[in-house]
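Asker: what's the 3D shape of this:
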Amino acid sequence: MKMMPLALALPALALAACQQQPANEAAADNAAMMGGNDMMMAGNNASAMAPAAPAAAPTDAAGYIAQAGAGDLFEIESSKVALEKSQTKAVRDFAQMMIDQHQKSTADVKAAAQKAGLTVPPPKLMPNQQQMLDEIKAADAASIDSVYLRHQRTAHEAALALHQGYARDGDTPALKQTAGAIAEVVQEHIDHLASMPSA
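Answerer: Next comes the predicted model:
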C-alpha cells in the first residue's frame with residue numbers, strides 16, 4: 001500500500017524537475033544578458049565621461065598660418081570691443097597692447113610665409129572664437145572687464161600651444177623661427193593677464 005503512492009509520485013517529481021530546468025536556464029540567460037547590458041552601459045558611460053583629448057597643434061604650414069591668423073584676428077577684434085566698453089585703465093591699456101602686438105605677429109607670420117613662397121589667405125575666426133567674441137560684444141559695462149579678461153586667458157593659452165607646437169614640430173623653417181618668437185610674446189601676455197585686476 002505504501003509503495004503505490006511513492007511510485008506514482010516519482011513521475012510527477014521528474015516532470016516538475018523538467019519543467020523547472022528550462023525556467024532556471026531562462027532566468028540564468030536573462031541574468032547573463034542583464035549583466036552584459038550593465039557592462040556595456042558602464043563601458044559607454046566611461047567613454048562618455050572620459051575627457052576629450054586636446055587637439056594637437058598643426059605641423060603643416062597651411063594649418064599653422066590659418067590658426068595663427070584666426071588667433072590674431074580674435075585678439076584684435078575682441079580688444080577693439082574692450083576699448084569701446086571698458087572704463088578700467090589697466091584693461092584698456094592691455095587691450096591696446098593686444099591690438100598693436102597681434103597686428104605685428106600677423107605681419108611677422110605673413111612675412112615668414114612669403115619668404116617660404118606660401119600664400120596667406122585672409123584670416124577667419126573659428127567657431128569657438130566667434131562665440132567668445134559675441135559674448136564680449138554682448139557684455140555690459142559692469143561685466144566687460146571680467147568677460148574680456150577671461151576669454152583673453154583662454155585664447156592666449158590656445159595661442160601658446162599653437163606657436164610652441166609649430167616651433168617644435170613644424171614643417172617650414174622660416175615659420176618655425178617666427179612661431180618660436182611669437183610664443184615668447186604670448187607667454188608675456190599670459191604673465192601680464194595673471195597680474196591684472198579682475199583677472
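Asker: going forward, measure contacts and count neighbours with C-alpha atoms only.
Answerer: OK.
Asker: report the buried residues of stretch 59-69.
Answerer: Using 16 or more other Cα atoms under 10 Å as the test for burial, stretch 59-69 gives T59, A61, A62, Y64, I65, A66, Q67, A68, G69.
Asker: just give me how far that stretch sits from the chain centre.
Answerer: Centre-to-centre, stretch 59-69 and its host chain are 18 Å apart (Cα atoms, centre = their mean, to the nearest Å).
Asker: put the alpha carbons of that stretch into PDB.
Answerer: Taking C-alpha atoms only, stretch 59-69 is exported to PDB below (Å, rounded to 0.1, in the frame of the first residue of the first chain):
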ATOM      1  CA  THR A  59      52.600  70.700 -38.100                       C
ATOM      2  CA  ASP A  60      51.800  71.800 -41.600                       C
ATOM      3  CA  ALA A  61      52.400  75.400 -42.700                       C
ATOM      4  CA  ALA A  62      48.900  76.000 -44.100                       C
ATOM      5  CA  GLY A  63      47.200  74.800 -40.800                       C
ATOM      6  CA  TYR A  64      49.600  76.900 -38.700                       C
ATOM      7  CA  ILE A  65      49.000  80.000 -40.800                       C
ATOM      8  CA  ALA A  66      45.200  79.600 -40.700                       C
ATOM      9  CA  GLN A  67      45.200  79.100 -36.900                       C
ATOM     10  CA  ALA A  68      47.700  81.900 -36.200                       C
ATOM     11  CA  GLY A  69      45.700  84.300 -38.300                       C
END
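Asker: so which of the buried residues of stretch 59-69 is the closest to K115?
Answerer: A61 (12.4 Å; Cα to Cα).
Asker: list the contacts of the closest one.
Answerer: By Cα atoms under 8 Å, 6 or more residues apart in numbering, the contact list for A61 reads G170, D171, T172, L175.
Asker: and stretch 151-162, what's buried?
Answerer: H151, Q152, R153, A155, H156, A158, A159, L160, A161, L162.
Asker: actually stretch 105-112, not the one I wrote
Answerer: For stretch 105-112, by 16+ other Cα under 10 Å, it's S105, T106, D108, V109, K110, A111, A112.
Asker: with distance to K137 as added columns, please give these in TSV.
Answerer: Shown next, in TSV, are the buried residues of stretch 105-112 (distance: Cα to Cα, whole Å):
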residue	distance to K137
S105	24
T106	23
D108	28
V109	27
K110	28
A111	31
A112	33
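Asker: with secondary structure added, can I get those in CSV?
Answerer: CSV is the format used below for the buried residues of stretch 105-112 (DSSP: H, G, I helix; E, B strand; the rest coil):
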residue, secondary structure
S105, helix
T106, helix
D108, helix
V109, helix
K110, helix
A111, helix
A112, helix
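Asker: ok, so of the residues you listed, who is nearest H189?
Answerer: Nearest to H189, judged by Cα to Cα, of those is S105 at 12.9 Å.
Asker: about what we covered before: and the contacts of A61, which of them are buried?
Answerer: Neighbour-count burial (16+ other Cα under 10 Å) is assigned, among the contacts of A61, to G170, D171, T172, L175.
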